[in-house]
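> Need a 3D model of the following:
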Amino acid sequence: MKTERKNCDDGRNQYGTAAIIHGAPWRLDDDKAAVSADMKEVFAEAKSEGYDAKIMRKVLKLIKQDKAKRQEEQTLVDLYLQSVEG
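Numbers count the residues shown, from 1 in each chain. Model (predicted):
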């Protein structure tokens with residue numbers, strides 16, 4: 001049974017800021033573990049459908065980058081490859 005938290009005039013709850021600060025990291029760590037487990041399940045399902053999880057992770061990483069930065073990086077990679085391959 002959850003106890004109802006009453007907010008104080010200054011924005012803190014009745015348990016004080018320390019309770020929030022000390023409880024948040026553990027709650028967030030639990031959330032992080034749950035998301036990680038969900039991601040693992042999604043990648044396993046994708047793999048069973050014939051997708052390459054390694055490539056999917058790389059695509060996710062690329063999508064998170066700024067488009068201009070991603071294009072600049074790809075240009076440099078291509079330049080370096082040309083240099084090495086001759």
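> Just the buried residues of stretch 36-51, please?
For stretch 36-51, the neighbour count (16 or more other CB atoms under 10 Å) marks Phe43 as buried. From N, CA and C alone the C-beta is placed, and that goes for glycine too.
> Could you give the average pLDDT over the helix ranked longest in the chain?
Secondary structure of the chain read by DSSP state H shows that its longest helix is helix 17-48. Averaged over helix 17-48, pLDDT sits at 88.
> How about stretch 75-86?
On average, stretch 75-86 scores 94.
> Name the surrounding residues that touch that stretch.
With contact meaning CB atoms under 8 Å, 6 or more residues apart in numbering, stretch 75-86 is reached by no other residue.
> Show me how far the longest helix of the chain is from its chain's centre.
Centroid separation for helix 17-48 versus its chain: 10 Å, with CA atoms, centre = their mean, to the nearest Å.
> Which strands or helices does the next helix or strand after it pack on?
Counting by DSSP states H and E, the element after helix 17-48 in chain order, helix or strand, is helix 53-64. On a contact count with 3 or more CB pairs under 8 Å, 6 or more residues apart in numbering; DSSP states H and E, helix 53-64 meets helix 17-48.
> any idea of the angle the helix it packs on forms with helix 53-64?
Counting by axes from the mean of the first three to the mean of the last three CA atoms, to 10 degrees, helix 17-48 lies at 130 degrees to helix 53-64.
> list the helices and strands helix 17-48 packs on?
helix 53-64.
> and the protein, what are its domains?
As recorded under automatic domain parsing, the domains making up the chain are 1-51, 52-86.
> what's the neighbour count on Arg27?
By the criterion of other CB atoms under 10 Å, Arg27 has 10 neighbours.
> For it, give its distance to Ala33.
Applying CB to CB, to the nearest Å, the value for Arg27 to Ala33 is 11 Å.
> do the same with Ala44
From Ala44 to Ala33 the distance is 17 Å (CB to CB).
> And for Glu49?
25 Å.
> Likewise for Gly86?
Per CB to CB, Gly86 is found 48 Å from Ala33.
> the more surrounded of those two?
Between Gly86 and Ala33, Ala33 has the larger neighbour count (other CB under 10 Å), namely 10 against 4.
> any idea how far that one is from Glu85?
When Ala33 is compared with Glu85 (using CB to CB), they lie 43 Å apart.
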